[in-house]
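*Asks:* model the structure of this input:
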Amino acid sequence: MNNKERAKIAQIIEQGSYFSAMNHTKWRALANAFGDGIRARVKLITKDEVDRWTCMDIAACDKFLDGASYGPVPFIEIEWIDILISYDSPRYNDTMKAIRDLKLPHTDFEDFTRVFGHIAPGISVKYQVEQDASAKH
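*Replies:* As a prediction, this is how the structure comes out:
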């Protein structure tokens, strides 16, 4: 990422009054928790549209999410990532544990979890996951 791209992202964050909610360590831990073949979609802070759901093979590199089906995307450019993972998936517990242990900013929807990289004004997030969330389903 060059300085012009960084400046553009910084301007969007400042003008939109976004709160930066993640760091590189947290992004890497989250990517490592959900591993390869996860269904997800990403909203970049630099774009108005939301990517479609796709099966991602994502690895967290130094400052990027990168994979065969997506990336490289600088962590700083991610507004949020939606993770679609079924409760009976072996990775569900690892993913929820990472969100819980790292106290990642997220919102739970009926079928997916949204983890925020940047939080827009007026958006409510939580930083804790219920310990027994999988028992409800």
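*Asks:* all contacts plus neighbour counts: C-alpha atoms, from now on.
*Replies:* Fine.
*Asks:* so what's the closest residue in space to Pro105 that isn't next to it in sequence scoring on pLDDT?
*Replies:* Distance criterion CA to CA, 6 or more residues apart in numbering; nearest residue to Pro105, sequence neighbours excluded, is Tyr127 at 4.9 Å. Tyr127 carries a pLDDT value of 85.
*Asks:* residue numbering should commence at 36 henceforth.
*Replies:* Shifting the count to begin at 36 puts that one at Tyr162.
*Asks:* quick one, what contacts Tyr162?
*Replies:* 134-135, 138-141 (CA atoms under 8 Å, 6 or more residues apart in numbering).
*Asks:* same question, Thr60
*Replies:* Thr60 neighbours (CA under 8 Å, 6+ apart): none.
*Asks:* over to Met57?
*Replies:* 139-140, 151-153.
*Asks:* immediately after the lowest-mean-pLDDT helix or strand in the chain, which helix or strand?
*Replies:* Sorted by mean pLDDT, DSSP states H and E, the helices and strands of the chain end with strand 89-95, the least confident at a mean of 70. Following strand 89-95 in sequence order, the next helix or strand is strand 99-102 (DSSP states H and E).
*Asks:* for Arg80, give me the pLDDT.
*Replies:* I think there's a mix-up here, since residue 80 is Ile and not Arg. pLDDT, read off for Ile80, is 92.
*Asks:* now it. Nearest residue, chain neighbours left out?
*Replies:* Glu114 (4.8 Å).
*Asks:* next one: Asp117
*Replies:* Using CA to CA, 6+ apart and skipping the chain neighbours, the partner closest in space to Asp117 is Arg149 (4.3 Å).
*Asks:* state whether that neighbour is indeed within a strand.
*Replies:* Yes: the assignment for Arg149 (DSSP: H, G, I helix; E, B strand; the rest coil) places it in a strand.
*Asks:* OK, contacts around it?
*Replies:* Going by CA under 8 Å, 6+ apart, Arg149 touches 115-118, 141-143.
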